[in-house]
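1. One predicted model, sequence on top.
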Amino acid sequence: MSNNDNHYWKENIRILSILLGIWFVVSFLMSVIFVDQLDVIRIGGFGFGFWMAQQGSIYIYVILIFVYLKLMDRLDKKYHHEEKDILEEENRID
């Protein structure tokens with residue numbers, strides 16, 4: 001594995017760690033642990049903790065997917081790991 005690939009994977013792991021941290025905060029802390037404290041805030045007549053557990057976390061998950069796609073696309077371009085480059089390299093080997 002080249003030095004360039006090592007940097008790529010380190011940045012990839014950093015992105016995954018940050019996004020998984022956000023996922024943990026939303027799904028476990030906001031929707032389970034701190035639900036009573038968050039229920040003081042009202043959204044549409046429901047407590048914010050309840051809303052996060054039922055709907056808000058789903059919105060956050062979808063947003064995380066799109067953020068991950070955008071960040072990985074940017075990372076792939078930075079390190080020249082685009083799909084077209086990989087396909088061209090595989091065709092040269094065959």
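-> Arrived safely. Residues are numbered from 1 along each chain as shown.
2. Which residues does stretch 58-71 contact?
-> Stretch 58-71 is contacted from outside by Ile15, Leu19, Ile22, Trp23, Val26, using C-beta atoms under 8 Å, 6 or more residues apart in numbering. Placement of C-beta: from N, CA and C, glycine included.
3. Roughly how far does Tyr61 sit from Asp5?
-> With distances taken as C-beta to C-beta, to the nearest Å, Tyr61 is found 29 Å from Asp5.
4. Equivalent analysis for Ile58, please.
-> 35 Å.
5. Show me where this protein has its strands.
-> 42-43, 46-47 (DSSP state E).
6. Hmm, Phe34 is touching Phe48, no?
-> No: using C-beta atoms under 8 Å, Phe34 is not in contact with Phe48; the gap is 9.8 Å.
7. Which of these two has more residues huddled nearby?
-> Counted by other C-beta atoms under 10 Å, Phe34 and Phe48 do not tie: Phe48 has more neighbours, with 18 against 15.
8. The more buried one and Glu11: what is the separation?
-> 34 Å.
9. most surrounded residue in the contacts of stretch 58-71?
-> The residue in these with the most neighbours, by other C-beta under 10 Å, is Val26 (20 neighbours).
10. Please name the nearest non-neighbouring residue to that one.
-> Of all residues not flanking Val26 in the chain, Ile60 sits nearest, at 4.7 Å (C-beta to C-beta, 6 or more residues apart in numbering).
11. Lowest mean pLDDT among the helices and strands, pick that one out for this protein.
-> Least confident helix or strand of the chain, by mean pLDDT, DSSP states H and E, is helix 83-93 with a mean of 61.
12. got the buried residues for stretch 16-33?
-> Neighbour counts over stretch 16-33 (16 or more other C-beta atoms under 10 Å) mark Val26, Ser27, Met30, Ser31 as buried.
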